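Trainee: What would the 3D arrangement of this be:
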Amino acid sequence: MEHAADHLRKYKELWNKATPPLTKAELDAANERCRAVNTLLRLVDKSTKQPDDFIKDHAQALSDTGLSNDDVKMMFRAVALKATITRLRAHGKGSATIPTAERLGLGEGSLKAYIRRPSTWGEHRAAWQRKAVMNMPNNLAARIEQVVESNGGTALSMPVITEWVNQERAKKPMPSIEALVKAVAKKNNPHEQGYAEDVWKIYVRLYGQQAEGNKK
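Mentor: Numbers count the residues shown, from 1 in each chain. Below you'll find the model as predicted:
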């Protein structure tokens with residue numbers, strides 16, 4: 001949601017794809033709310049207080065997100081689960097030892113993915129951002145998603161990726177295709193380790209020798 005709200009502000013021509021059309025004020029507000037969620041998550045992650053005390057001490061930070069006291073308490077439970085996952089990963093153990101009550105409703109597949117690839121925990125942040133924007137008036141979250149999902153899901157992604165590609169091509173000397181693909185992939189998903197390399201592998205599969213011949 002943060003990615004969509006932030007980039008949509010640059011492409012006014014896409015606002016009319018929502019019903020009713022989006023406005024800059026709405027997108028600015030959605031972007032600020034997503035940033036507020038990031039701030040709240042960082043505060044929770046660093047806190048040594050009990051949830052009720054934290055809520056009292058950070059009333060404004062919570063208010064800025066539009067989330068509830070129960071949401072903050074769930075964030076604290078998520079911090080505990082993340083610590084458990086980190087410990088299991090360090091000892092080479094699987095998710096079977098995590099009690100059902102501590103899984104926060106996550107299935108076995110999701111828990112295994114978090115243990116195997118810690119960077120996927122970013123989905124947790126994105127979920128809270130989406131919920132925070134869903135609490136905003138005028139059905140804003142659904143209208144943003146309406147634009148993002150239009151044109152077969154390419155309405156926003158194509159201009160954004162095109163802009164990133166052009167930025168890389170403007171560099172002197174111009175980077176190799178491999179360097180360009182990886183740089184754009186990192187901009188698209190800066191938090192997931194190994195994501196750029198995975199995108200390059202897919203690119204090579206799609207374009208074969210043409211890609212390999214332009215690696216250097």
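
Trainee: what's the burial count for Ile144?
Mentor: 24 (other CB atoms under 10 Å). Quick note: C-beta positions are derived from backbone N, CA and C, even for glycine.

Trainee: List the contacts of the residue sitting nearest the centre point of the chain.
Mentor: The chain has Ala126 as the residue nearest its centroid, 4.4 Å off, counting by CA atoms, centre = their mean. Contact analysis of Ala126 by CB atoms under 8 Å, 6 or more residues apart in numbering lists Met1, Glu2.

Trainee: which element is it on?
Mentor: helix 122-134 (DSSP states H and E).

Trainee: low-confidence ranges in the chain?
Mentor: Low-confidence segments of the chain (pLDDT under 70): 122, 209-216.

Trainee: Quick check: phi and psi on the nearest residue to Arg77 once chain neighbours are set aside?
Mentor: Leaving aside its chain neighbours, Arg77 sits nearest to Leu104 (6.0 Å; criterion: CB to CB, 6 or more residues apart in numbering). Leu104 adopts backbone torsions of phi 60, psi 30, taken as degrees, to the nearest 10.

Trainee: Now for Leu104, how many residues are close by?
Mentor: Neighbourhood size, Leu104 [other CB under 10 Å]: 14.

Trainee: Surely it and Phe76 touch.
Mentor: No - the pair formed by Leu104 and Phe76 falls short of the contact definition of CB atoms under 8 Å, at 11.0 Å.

Trainee: Please look at Val160 and His7 and confirm they touch.
Mentor: Yes - Val160 is in contact with His7 according to CB under 8 Å; the separation is 5.1 Å.

Trainee: elements contacting the helix or strand that the helix holding Ala126 is followed by?
Mentor: Next in sequence after helix 122-134, counting helices and strands by DSSP H and E, comes helix 140-153. Contacts defined by 3 or more CB pairs under 8 Å, 6 or more residues apart in numbering; DSSP states H and E place helix 140-153 against helix 2-8, helix 24-46, helix 122-134.

Trainee: in helix 140-153, what's buried?
Mentor: For helix 140-153, a neighbour-count test (16 or more other CB atoms under 10 Å) marks Leu140, Ala141, Arg143, Ile144, Glu145, Val147, Val148 as buried.
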